Every structure is written in structure tokens, then in C-alpha cells.
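Undergrad: here is my input, please return the structure:
(one chain, ligands or ions: 1)
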Amino acid sequence: MLELNGKTRNPIIYQGEINMQTLKFDIHGMHCGGCTGKVERALSKIDGVSHVDVALSPGSATVEADTNRVTASQIEAAITSLGYQVKLHTAQPGPAT
Ligand SMILES: [Cu+2]
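TA: The predicted structure is shown next:
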């Protein structure tokens with residue numbers, strides 16, 4: 001809706017709306033600080049990503065991103081292209097296995 005209190009609002013405001021989310025990824029294949037640094041640098045460069053924290057053991061990345069500008073699968077693709085296996089870590093409890 002572009003009307004608020006009878007005033008038409010600038011659509012630019014809506015285009016610029018941000019949706020910050022913290023995404024956690026499990027990463028396999030990193031074996032040293034060079035690997036974590038490589039992932040961290042690659043993810044930091046992605047437009048919409050504001051903060052990246054990569055851990056070596058267990059391999060994971062915590063990414064704060066504006067999901068209106070970048071999707072989890074784009075981040076996954078960036079990690080995959082470096083040669084690592086990655087899976088979006090869901091915080092919700094899954095079915096018991
Ligand atoms: Cu390494």
C-alpha cells in the first residue's frame with residue numbers, strides 16, 4: 001500500500017526496504033584459517049551482506065544479510081564456487097531421524 005494517512009508515500013521508500021536476517025550455513029571442506037578467510041572475504045563482497053563470521057570447527061558461516069537484496073541460495077552458490085560443500089542450517093527442529 002502506498003497510502004498512509006491520506007498521503008501518498010514515495011515508492012522509493014519501499015524499494016529501499018531492508019529485511020535483515022541472520023543465516024547460518026554448515027560448511028564442509030574447510031581445513032585451515034586460509035579456508036575460513038577465503039569464505040569470509042567472498043561472502044563479505046556480496047551486495048546485501050553486512051556481517052560474516054566463519055568458524056573452522058565445526059565448519060560454519062553466520063551471515064547477516066538483507067534478504068531483500070541477497071538470497072540464501074546466492075550465498076550458498078558463492079561458497080560452493082570456492083569448492084566447499086554447504087548446507088543452510090535450519091534452526092527449527094527437524095523430524096527425528
Ligand atoms: Cu585451508
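Undergrad: residue contacts, the residue lying closest to Ala65 once chain neighbours are set aside?
TA: Excluding the flanking residues, the one nearest Ala65 by Cβ to Cβ, 6 or more residues apart in numbering is Val49, at 4.7 Å. (Each C-beta comes from the backbone N, C-alpha and C, glycine too.) Val49 is in contact with Leu43, Val63, Glu64, Ala65, Asp66, Val70, Ile75, counting by Cβ atoms under 8 Å, 6 or more residues apart in numbering.
Undergrad: which among those are in contact with the ion?
TA: The subset of those lying close to the ion, counting by Cβ under 5 Å from the ion, is empty.
Undergrad: would you list the buried entries among those?
TA: Leu43, Val63, Ala65, Val70, Ile75 (16 or more other Cβ atoms under 10 Å).
Undergrad: check which helices and strands the top strand by length along the chain sits against.
TA: In the chain, with assignment by DSSP state E, the single longest strand is strand 20-28. Packed against strand 20-28 by the contact rule (3 or more Cβ pairs under 8 Å, 6 or more residues apart in numbering; DSSP states H and E) you find strand 60-66, helix 72-81, strand 85-89.
Undergrad: close to the ion, is that strand?
TA: No. Judged by Cβ under 5 Å from the ion, strand 20-28 stays clear of the ion, getting no closer than 11.7 Å.
Undergrad: which strands or helices does the very next helix or strand once past that strand pack on?
TA: Reading on from strand 20-28 to the C-terminus, the next helix or strand found by DSSP states H and E is helix 33-44. On a contact count with 3+ Cβ pairs under 8 Å, 6+ apart, helix 33-44 meets strand 49-55, strand 60-66, helix 72-81.
Undergrad: tell me the mean pLDDT over the first one?
TA: This means strand 49-55. Taken as a whole, strand 49-55 has an average pLDDT of 97.
Undergrad: and what of stretch 81-97?
TA: On average, stretch 81-97 scores 76.
Undergrad: can you check stretch 31-46 too?
TA: 98.
Undergrad: any buried residues in it, and which?
TA: Cys35, Thr36, Lys38, Val39, Ala42, Leu43, Ile46.
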